[in-house]
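Novice: Make a model of this:
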Amino acid sequence: LCGAARDPNSTMLGPEQEQWVFAGLDASRARWNILAQQVLIAQLDHREPPSRYFWTDAWDGYMSARNRLLTHVASRDIQNLIVLTGDCAFVNDLKLDFADPDSPTVGTEFVVTSISSNGDSTAYGSYYGPMIPWNPHIKFFADRRGYQRVVVTPDLLQTDLQMVETVRDPNPGIGTLASFVVEDGVPGAQSA
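Specialist: Here you go, the predicted structure:
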């Protein structure tokens, strides 16, 4: 990582919006605190340890900003943080320290895939697939296309990854590739 990615003054959102998010989380009385945003917030190490390599166009390029957000959530005991992101199909536990698998999980990220751009790969047959074993906080990955159906109740949030068989067929079959739940008060995704 370059120095800019570790800069304590770096911000993904800009200072005003970052404070707005923190204030909104502090004031929230909602059971489920859902943030929608555009790029992967969880760490994604691209190389096998001990090497480390990150894509800096996501929150990995703004590590201090990510740390501020997740530390804020943990220090204020903000419950049921769910982050909805766009890109490929990922399900991630959000950790205070991604380098430590035993670090506390403070939230869950569901990365929602695009609907129709190329992506007919199997779970480990794509660009990201080989990286998944080096990132134990990633609970699921698939380079497939579709959408996620989210059902929220007082007791749990469930997401069903609805994926098409292929993007090359204008009338593809679609089905549930995987389902995950987050229980009220228990951060982290569990297979349903």
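Novice: residue ranges with poor pLDDT in this structure?
Specialist: Low-confidence segments of the chain (pLDDT under 70): 116, 118-125.
Novice: Give the bridge partners for the most centrally placed residue in it, please.
Specialist: With distances taken as CA atoms, centre = their mean, the chain has E109 as the residue nearest its mean C-alpha position (3.1 Å). For E109, the residues forming beta bridges with it (DSSP bridges) are V83, N92.
Novice: Quick check: it touching G86?
Specialist: No. Shown here, E109 and G86 do not form a contact pair, counting by CB atoms under 8 Å, at 11.2 Å. C-beta coordinates here come from the backbone N, C-alpha and C atoms, glycine included.
Novice: isn't E18 right up against T11?
Specialist: Yes. If you go by CB under 8 Å, E18 and T11 touch, sitting 5.5 Å apart.
Novice: Mutual contacts of these two, please.
Specialist: When contacts are counted by CB atoms under 8 Å, 6 or more residues apart in numbering, the set common to E18 and T11 consists of A65.
Novice: mind listing the helices in this protein by residue range?
Specialist: Here the chain has its helices, by DSSP state H, at 3-6, 15-27, 63-75.
Novice: Can you say which of the ones you listed is packed in most?
Specialist: Greatest average neighbour count among the helices of the chain goes to helix 63-75 (a mean of 18), per mean count of other CB atoms under 10 Å.
Novice: Check the offset of it from the chain's centre.
Specialist: 14 Å (CA atoms, centre = their mean, to the nearest Å).
Novice: For that helix, list the C-alpha coordinates in CSV.
Specialist: Only the C-alpha atoms of helix 63-75 are listed here, as CSV (Å, rounded to 0.1, in the frame of the first residue of the first chain):
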residue,chain,number,x,y,z
MET,A,63,-7.9,2.3,5.3
SER,A,64,-8.0,5.1,7.9
ALA,A,65,-11.5,6.1,6.8
ARG,A,66,-12.6,2.4,7.0
ASN,A,67,-11.0,2.0,10.4
ARG,A,68,-12.8,5.2,11.6
LEU,A,69,-16.1,3.9,10.4
LEU,A,70,-15.8,0.4,11.9
THR,A,71,-14.2,1.7,15.1
HIS,A,72,-17.1,4.2,15.5
VAL,A,73,-19.6,1.4,15.1
ALA,A,74,-17.9,-0.8,17.7
SER,A,75,-17.2,2.0,20.2
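Novice: quick revisit: any chance of the helices of the chain in TSV, plus distance to S126?
Specialist: Listed next are the helices of the chain as TSV, based on distance: least, CB to CB, whole Å:
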stretch	distance to S126
helix 3-6	24
helix 15-27	31
helix 63-75	24
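Novice: Kind regards, and thank you for your time.
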